[in-house]
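Colleague: Build me a model from this:
(one chain, ligands or ions: 2)
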Amino acid sequence: MQQIGIGLAGLGTVGGGVYKHLTKNRILLMERLGLELVVRKIAVRDPSKTRDVPAPPALITRNWRDLVDDPLIQIVVELMGGIETALELVLSAIQKGKIVVTGNKALLAEHGQEIFLAATKYKVPVFFEAAAAGGVPIIKSIREAFIGNHIQSIHGIINGTSNYILTRMAASGMGFKEALAEAQQLGFAEADPSLDVNGWDAAHKAIILASLAYGFWVGTDKIYVEGIEEITADDIRFAGELGYCVKLLAIIKADEKSEIEIRVHPTLIPRSHVLASVNGVFNAVAVRGDVVGETLFYGRGAGQDPTSSAVMSDLAEAAVAIECPRRSYGFTPHGLYGTCKPIDDVVSQYYLRIAVVDKPGVLAQVAGILGEEDIGISSVIQPESQEGESVPLVLMIHYATNTQMQKALGRIARLSSVKRPPRMIRVEMLVAS
Ligand code: NDP
Ligand code: HSE
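Modeller: Ligands and ions are numbered 1, 2, ... in the order given. Predicted coordinates:
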């Protein structure tokens, strides 16, 4: 059987999983592909490390260039993480005509344009199924299964760590820090979980999904990103009383003028919507196309096995591409509307929590400012719970732009009866149809 040579850069969580499962499912892959995938070299940083997934020492090298320079390696798999070295490896492999597979969402979000220009120039495909939602096959679905659709919207829970934290806060009433510590203890969160909780891990994935859906590589400066660090157990409880739950949601949509909104932020979504039941470390992505209508993808977005599954699907596609050259190289520019709506112009509904002194006339002052800024209130609750000298005033706001809201919130914050800057969380009125 024809052998396809693979160079694996990285033997950590994902690289180790890929090596393990390529070995375990070797026969299955051979039968299905009619080709044999053979790992010929593995690059690591520290060859002396004891590993959960051991590989024959003869395959190990400390120098990733050995992969790119080996004429028997046709596919280079980048699973090192980081940006600079990964970019150098990917571009060198492309220049040498080697197909690239990567799961590096940060690399693609920051350098996707450059990478796919090189891929097109050298006619070398780059595959990246593992770079968004781990084991959930969302990249291939958007790129291939929905090729005949205008994508109307994508709503995704695409960071498992933050979803675990929010789920635990909702279930137990614990605070953000406690839930994060628990996620770290259980090994869900990274040692440095900052990109998970500040929204940027989800933002990198949203950039990749938006770029595939709308045909131009979206810059990191075009996306609005807010993390979950400021979400309190009280917000989650009040949202629940109003019929919502709080999720870190990636929202990608095109309006009738083909202006694209791309944002990642904590979001109140109706508890009746299917995304509200996506709990723990699970990911889910709802895609609406003009032909297919509403679709939903669900599964594990991280971890050794699910992510390896995605990498293996890319490897199979890459192996076939060696035999049958492709017309597209992983990302095909199209549409090229290219206009991303600034967050200030984005219209949304909102949840507001304002810590106010409990005295007559405060609600009227707040409502007066909102009215003057042309912002409608859809409901108000003033829960019994006490916050020391202040009480929480919770308002649900009708559609308004971010500019309108910021102006109103600035004025509300300056009221002497308001004790802290108001807390605003956007609301997405998801409806399945
Ligand atoms: P790990 O840190 O577990 O593994 C990284 C591997 O790369 C290690 O084996 C390391 O070597 C090797 N490495 C790092 N730098 C170099 C270098 N300069 N030269 C040679 N080898 C190097 O990372 P993960 O496996 O978790 O992640 C890999 C990629 O996959 C990242 O881009 C990540 O974002 C992405 N990803 C990860 C997911 C996950 O669940 N972990 C999910 C989806 C995507 P050594 O072992 O010697 O230190
Ligand atoms: N840290 C990421 C998450 C891993 O929690 O979803 C996969 O990208």
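
Colleague: so where do the helices sit in the stretch 101-250 of the chain?
Modeller: Under the criterion DSSP state H, counting those that start in this stretch, the stretch 101-250 of the chain contains helices at 105-122, 138-140, 160-172, 176-185, 194-197, 200-214, 233-241.

Colleague: Now mean neighbour count and distance to residue 249 too, for those helices, in TSV please.
Modeller: Quick note: C-beta positions are derived from backbone N, CA and C, even for glycine. Shown next, in TSV, are the helices of the stretch 101-250 of the chain (neighbours: other C-beta atoms under 10 Å; distance: least, C-beta to C-beta, whole Å):
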stretch	mean neighbour count	distance to residue 249
helix 105-122	20	17
helix 138-140	23	15
helix 160-172	22	10
helix 176-185	17	17
helix 194-197	19	15
helix 200-214	26	8
helix 233-241	18	13
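
Colleague: Which residues of the stretch 251-400 of the chain lie near ligand 2?
Modeller: Counting by C-beta under 6 Å from any ligand atom, the stretch 251-400 of the chain comes close to ligand 2 at 301, 302.

Colleague: cutoff 8 Å now
Modeller: Contacts of the stretch 251-400 of the chain with ligand 2, taken as C-beta under 8 Å from any ligand atom, map to 281, 283, 301, 302, 303, 307.

Colleague: Spit out the contact partners of the third one.
Modeller: If I follow you right, that is residue 301. Contacts for residue 301 (C-beta atoms under 8 Å, 6 or more residues apart in numbering) come out as 133, 134, 135, 136, 158, 159, 160, 281, 282, 283.

Colleague: Could you measure from residue 402 over to residue 265?
Modeller: Look at residue 402 and residue 265: by C-beta to C-beta, to the nearest Å, they are 11 Å apart.

Colleague: ok, those two, which is more surrounded?
Modeller: Using other C-beta atoms under 10 Å as the criterion, residue 402 and residue 265 rank with residue 265 on top: 23 against 19.

Colleague: Chain neighbours aside, what residue packs nearest to the more buried one?
Modeller: Of all residues not flanking residue 265 in the chain, residue 226 sits nearest, at 3.9 Å (C-beta to C-beta, 6 or more residues apart in numbering).

Colleague: re earlier: want to try CSV for the contacts of residue 301, with pLDDT and distance to residue 176 as columns?
Modeller: Converted to CSV, the contacts of residue 301 look like this (pLDDT from 0 to 100; distance: C-beta to C-beta, whole Å):
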residue, pLDDT, distance to residue 176
133, 97, 23
134, 94, 24
135, 95, 27
136, 97, 26
158, 98, 19
159, 97, 14
160, 96, 16
281, 95, 17
282, 97, 20
283, 98, 20
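
Colleague: What is the nearest of these to ligand 1?
Modeller: Relative to ligand 1, the closest of the contacts of residue 301 is residue 134; by C-beta to the nearest ligand atom it sits at 4.9 Å.

Colleague: which ones are touching the closest one?
Modeller: 160, 283, 299, 300, 301, 302, 303, 306, 307, 310.

Colleague: Surely the third one is in a strand?
Modeller: Yes: Residue 299 forms part of a strand when assessed by DSSP: H, G, I helix; E, B strand; the rest coil.

Colleague: Relative to ligand 2, how far out is residue 267?
Modeller: For residue 267, the distance to ligand 2 (C-beta to the nearest ligand atom, to the nearest Å) stands at 17 Å.
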